[in-house]
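> here is my input, please return the structure:
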Amino acid sequence: MKPSINVDFLRSTLLFKIAAFFLVAVTFFYFGKHFSDNYHQLIFFTTTTTTTTSEVTLSPNLHQFLNASTLIHHNHTQTLISQQQPHPFPPPPPPPEDPIRRFGILNENGTMSDDFEVGNFDVGTVDEWGNETVVEDSVPAPKFSIKKFVMCPRSMSEHIPCLDNAEAIRKLESTERGERFERHCPEEEKRFNCLIPPPKGYRPSISWPRSRDEVWYSNVPHTRLVEDKGGQNWISREKDKFKFPGGGTQFIHGADQYLDHISKMVPDIKFGQNIRVALDVGCGVASFGAYLLSRNVLTMSIAPKDVHENQIQFALERGVPAMVAAFATKRLLYPSQAFDLIHCSRCRINWTRDDGILLLEVNRMLRAGGYFVWAAQPVYKHEEVLEEQWEEMLNLTTRLCWKFLKKDGYDAIWQKPSDNSCYLNREAGANPPLCDQSDDPDNVWYVDLKGCISQLPENGYGANVTRWPSRLQTPPDRLQSINFNAFMSRNELFRAESKYWNEIIAGYVRALHWKKMKLRNVMDMRAGFGGFAAALIDQNLDSWVMNVVPVSGPNTLPVIYDRGLIGVMHDWCEPFDTYPRTYDFLHAANLLSVEKNRCNVSSIMLEMDRILRPGGRAYIRDSLAIMDELIEIGKALGWQTTLRDTAEGPHASYRVLVCDKHLPRG
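All right, here's what the predicted structure looks like:
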């Protein structure tokens, strides 16, 4: 009997162990599943929301390589990787110690709570980011292969694809209204597919603030502006450097003195308070904007690529916000009510042509109650032809309901009305007419200029921004008019995005020593509400940010300007309107996985390489699912790439790909 008892005991013990193991497995599965359901990071406008809109279509060139044979005849491509199977993903993480509370959810009383958290962000975790994955050693090769990009001819060192399309410009029916200075992007198969080389002797650019006053000659080796504008105190050459004395055509004695003169003319123009965001039209080398920076004014300096084609290149080499743009036949890529002040000093624009259609574009972009400053010969010269032009300007601005404030010396200043009362009280049939109510003044991507007055919002949106610096963190009125689906309070979403990026940038500054990096010209390629740019300001990083709002998502550009920041609308399926080597840092968060459904990802990253300075860096924060492809493209571009975990840890579905661009040899 004794052996029988032992057998029964063993059987019962075995059954008990099996049952216990099964119970433990089910328990871990349950907690693991529910943990993963609640484990998330803040993503501004998710991939699902963006890519399921009816406006998104698949590119016929998806996953295809561009043909560079027309540009490069003597180089050959080289396959970088072999086909291998990727390692499986890591197992699910253990449950967190503290649950993450969703923000912006209605509480039990049916009201929206301001007490919310945006994930768990532990700066100490960032300090220990030693568990990074170095691409060359640890990341397996995907199933596809990327061919190494070769160097373009040296003649393309200043190539701007959509502005240097000679074939398209030759086919224009007319160029009398400046059509040749507008965007004419080449077809996909005719775009460059090589690395834009720097000019011979290129050197790492001089750091800000020294760069405001001097840059290396070898980086922008053109003397046309020195020859044409040397007597106007714009620019001079001394040995291996260009010097910028701070003068301009109408302010040869210096920009600071000129800015003081404007402030005395109209005391309500308080730079850095009432005036935070400005537009300088026909900016030259952007000394107007460069000197406004010290007064807490951020200026978008623009000029066409005309006979003085390198003025924007000089501005960006100096570290001053600038972009190639022209008043011609299309709306500029900035929203309505963007600028507190618009300035034109001998900008060579005929504002009264075609019934004032160009000044109507200024009116669209000028904030309610904003100022227009005009410094030109008709203001101060008393020749018959110039006096006629002055009278035409006075007549046009009166019909636009602008208030003429003062004329003194070289300058005349007008103010735009703060509401629609003057527009609505004009005589019937007055010109220019009011735009139709169906016209969206913020619709700017390849939109023709309109010969009508854009009305101001009846609710006063855009007119009631607070003074700087409080406007940076104040949710603006126009946040409520952005066309996107929000399942929570928009104000809370705005604050959450700001908090999210503040915590991330604080971690970067502490752990990755961002204050020692060269971060002057920065571009946020998918800017949302501008939280990334605001975080750089809050962290006292001496930089400015070009906030790019892609056309594939909601148009948040008005909110960015209402915060006191600058930005532009753009489609990343096409090249950007800037010279090569003009940005120190590119930031792309949740961009490439979205645009992958519309564009060739290789083309986007090749464009990133074009506009990134040698020695510059790109942070690509995106889905783990796309990282293998991005790593291989980065290697093909010659970038040094490192894959890092996000602050959410190694089990998160997102990673940060850090890319360093080095100066090419030879």
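> residue 583: neighbour count?
Look at residue 583: counted by other CB atoms under 10 Å, it has 24 neighbours. From N, CA and C alone the C-beta is placed, and that goes for glycine too.
> let me fix that: residue 243
That count, for residue 243 with other CB under 10 Å as the rule, works out to 14.
> ok, which stretches of the stretch 451-600 of the chain are helices?
Along the stretch 451-600 of the chain, the segments classed as helices by DSSP state H, counting those that start in this stretch run 490-511, 531-538, 557-562, 592-595.
> quick one: mean pLDDT for whatever helix or strand comes next after the last one?
Once helix 592-595 ends, the next helix or strand along the chain (criterion: DSSP states H and E) is helix 601-611. Across helix 601-611, the average pLDDT comes to 97.
> centre of the chain to helix 601-611, how far?
In terms of CA atoms, centre = their mean, to the nearest Å, the centre of helix 601-611 is found 15 Å from the chain centre.
> and the contacts of that helix?
65-66, 146, 149, 159, 188, 191-193, 195-196, 523, 525, 572-573, 575-576, 578-583, 586, 588, 592, 595, 618, 626, 629-630, 633-634, 636-637, 639, 661 (CB atoms under 8 Å, 6 or more residues apart in numbering).
> residue 289 should be in a strand, yeah?
No: counting by DSSP: H, G, I helix; E, B strand; the rest coil, residue 289 is not part of a strand but helix.
> can you mark which positions in stretch 513-522 are buried?
514, 517-522 (16 or more other CB atoms under 10 Å).
> what is the nearest of those residues to residue 612?
residue 521 (9.9 Å; CB to CB).
> pLDDT at that closest one, what is it?
Residue 521 is assigned 98 on the pLDDT scale.
> and it, what are its bridge partners?
residue 544 (DSSP bridges).
> any idea how far residue 322 is from it?
Distance, residue 521 to residue 322, by CB to CB, to the nearest Å: 9 Å.
> go ahead and confirm residue 333 touches residue 443.
No: using CB atoms under 8 Å, residue 333 makes no contact with residue 443, being 10.9 Å away.
> more neighbours, the two?
The neighbour comparison of residue 333 against residue 443 (other CB under 10 Å) goes to residue 333, with 22 against 13.
> can you tell me how far that one sits from residue 564?
19 Å.
> same check, this time on residue 238
Distance from residue 238 to residue 564, by CB to CB: 36 Å.
> and those two? which has more neighbours close in?
Just comparing residue 238 and residue 564: by other CB under 10 Å the higher neighbour count belongs to residue 564, 27 against 9.
> with adjacent residues omitted, what lies nearest to the more buried one?
residue 276 (4.2 Å; CB to CB, 6 or more residues apart in numbering).
> list the contacts for that neighbour?
296-298, 340, 468, 471, 564.
> 7 Å - rerun?
297-298, 340, 468, 471, 564 (CB atoms under 7 Å, 6 or more residues apart in numbering).
> out of those, who has the most neighbours?
Result: residue 564 is most packed of those (other CB under 10 Å), 27 neighbours.
> distance-wise, check it relative to residue 259.
18 Å.
> surely residue 652 touches residue 646?
Yes: using CB atoms under 7 Å, residue 652 is in contact with residue 646, at 5.3 Å.
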